[in-house]
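1. Based on what follows, work out the 3D shape:
(one chain, ligands or ions: 2)
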Amino acid sequence: IRDAQESRGLGDVYKRQLLIMTAIIKVTDMKPLEGKVGLVAGVANKRSIAWAIAQAWHEAGAELVFTYQGDRLKGNVEQLASTFGADTLMVPCDVSSDEEIDQAFATIKERHPRLDLLLHSIAFAPKEALESDFIQTTREAFRVAHDVSSYSLVALSRAAAPMMTQGGSILAMSYYGAEKVVPHYNVMGVAKASLEASTRYLAYDLGPKKIRVNCISAGPMNTLAARGISGFSAMLKHYEAHAPLKRNVLPEELGATGLFLASEGSAAITGQVLYVDSGYQIMGMY
Ligand code: NAD
Ligand code: 0WE
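-> Ligands and ions are numbered 1, 2, ... in the order given. Alright, predicted model coming up:
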C-alpha cells in the first residue's frame, strides 16, 4: 500500500492499482498467526492439551518456543517440537522456581526479543490431595497446588509481558471444578478458581498494553494428568450421556479455540473463561 501511495506520476494509475491488488492478495493469503512468536508451557507428551494448541498455532503460521518441566520430559518434548523445525527452541522451566523462570526467559529473549502469545497449560496437586476428602487437604498440598497451578500464571505473565511489545494473547487452561464441586477434584478446584480470578486481574493490568488474558475451561480429556484418576473413564461416559452435544471434546477442538483466542477474531475478548466442554457447563439438572 505504501508503494502504491508513493507512485505519484499521472500515468501510474494502473501501476498504483496493481500494487494495491498485490498488497490485498498478500494480506488475505497470510495465515492468521504469521509473524507471531508463541511460548508454550506444559507439553508432556503427544496427548497434552498444550500440544494440541501448539499444533493449531503452528499450522496458523506462528513460530513457537517450548518450555518443559524437567529432564524427565526433555526427550518427549524434543521429539514433538522438532517436527516444527530442527531449530525449535526448547528450554527447561519448572514453574515452582523463580530462578528457573528467570533463566528460561533470559534464554528465550536471546532468540526472540518479542513475544506475542503465551500458553499456560500446567497443573499439579499432590496425588493424595485428589484421593482423600477435600477437608483433609494439608497446608503443603494446598500451597503446592496453588503455586504450580495458579501463581505460575502470574509469574509467567510478568516475565512475558515486557516482551509483548505489540500486544499479545495469554491463555490458560481451566476446568469446571473451579466453579462447582467435582468430587475428588478437591484442592485443584480451589486452585482453578484462583487461576480464573488471576486471569481477570491480569487482564485488567495488561489491557492497557493490548495484552489479553483468557482461560479455556475444557471438558475431561484423556491426558497424562487424567490418567490414574479413579473413575475418569466414567466421567467421559457421563459427559457423553449428559452434555448437550452428547459427546466428549476432541483435542483439535481445543486447538481451534486456542487459535481463536490467539487471533484477531478475539481482539476484544479478555478476562474470560470460555467453555469448550460440549455444553456441559450450562446444565442444571441432568
Ligand atoms: P498433561 O499432563 O499433559 O499436562 C500437564 C503439564 O503440567 C505437564 O506438561 C507437566 O509437565 C506440567 N507441570 C506440572 N508441574 C509443573 C511444574 N512444576 N513446572 C512446569 N510444568 C509443570 O495434562 P493436560 O490434561 O494436558 O493438562 C494441561 C492443563 O489442562 C492443566 O492446567 C489441566 O488442569 C488442564 N485441564 C485438563 C483437563 C483434562 O481433563 N485433562 C481438563 C481441563 C483442564
Ligand atoms: O486438572 C486436571 C488434573 C490435574 C492434575 C492431575 C494430577 C494427577 C497426578 C493435577 N495434579 C495431579 N497430581 C498427580 O499426582 N484435570 C482437569 C483432570 C481431572 O483430574 C481430576 C478430575 C479431572 C477432570 C481429578 C478428580 C476428578 C476429576
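2. Which residue, other than its chain neighbours, is closest to A54?
-> Distances taken as CB to CB, 6 or more residues apart in numbering place V40 nearest to A54, at 4.7 Å, with adjacent residues excluded. (Glycine included, C-beta is placed from N, CA and C.)
3. wait, that neighbour sits on L64?
-> Yes. V40 lies in contact with L64 (CB atoms under 8 Å); the separation is 5.6 Å.
4. Can you work out which residues contact both of those two?
-> 54, 57 (CB atoms under 8 Å, 6 or more residues apart in numbering).
5. Between these two, which is the more surrounded one?
-> V40 (28 against 25; other CB atoms under 10 Å).
6. The strand or helix carrying that one and ligand 1 in contact?
-> V40 belongs to strand 37-41 when assigned by DSSP states H and E. No. Shown here: strand 37-41 not in contact with ligand 1 (CB under 6 Å from any ligand atom), separated by at least 6.6 Å.
7. quick one: strands adjacent to that strand?
-> Using DSSP bridges, the strands paired with strand 37-41 are strand 63-68 (parallel), strand 117-120 (parallel).
8. which helices and strands sit right next to the next helix or strand after the longest one?
-> Just to be clear, that refers to strand 63-68. Counting by DSSP H and E, the next helix or strand C-terminal to strand 63-68 is helix 71-81. Judged by 3 or more CB pairs under 8 Å, 6 or more residues apart in numbering; DSSP states H and E, the packing partners of helix 71-81 are strand 63-68, strand 89-92.
9. Any idea which of these gets closest to H242?
-> Set against H242 and scored by CB to CB, these come closest in strand 63-68, at 35.5 Å.
10. Please tell me how far stretch 254-272 is from the chain's geometric centre.
-> 10 Å (CA atoms, centre = their mean, to the nearest Å).
11. Now for A129: which residues touch it?
-> Residues in contact with A129 (CB under 8 Å, 6+ apart) are 137-138, 141-142, 145, 186-188.
12. Just confirm yes or no for the host helix or strand of H58 near ligand 1.
-> Following DSSP H and E, the helix or strand that holds H58 is helix 49-59. Yes. Judged by CB under 6 Å from any ligand atom, helix 49-59 and ligand 1 are in contact via 49-50.
13. Check what contacts that helix and list those residues.
-> Contact partners of helix 49-59, identified using CB under 8 Å, 6+ apart, comprise 31, 33, 36, 38, 40-45, 64, 66, 80-81, 84, 117, 119, 121, 171, 173, 218, 221, 223, 251-252, 254-256, 258-259, 262.
14. And for stretch 220-237?
-> Contacts for stretch 220-237 (CB under 8 Å, 6+ apart): 44-45, 47-49, 123, 127, 130-131, 184, 239, 248-249, 251, 254.
15. What residues sit buried inside that stretch?
-> Applying a neighbour-count criterion of 16 or more other CB atoms under 10 Å, one finds 220-221, 223, 225, 235-236 buried in stretch 220-237.
16. Can you flag which of these belong to strands?
-> Judged by DSSP state E, the subset of the buried residues of stretch 220-237 located in strands is empty.
17. What about ligand 1: which of those residues touch it?
-> Okay, of the buried residues of stretch 220-237 touching ligand 1 (CB under 6 Å from any ligand atom), that's 220-221, 223, 225.
18. Many thanks, I have nothing further to ask.
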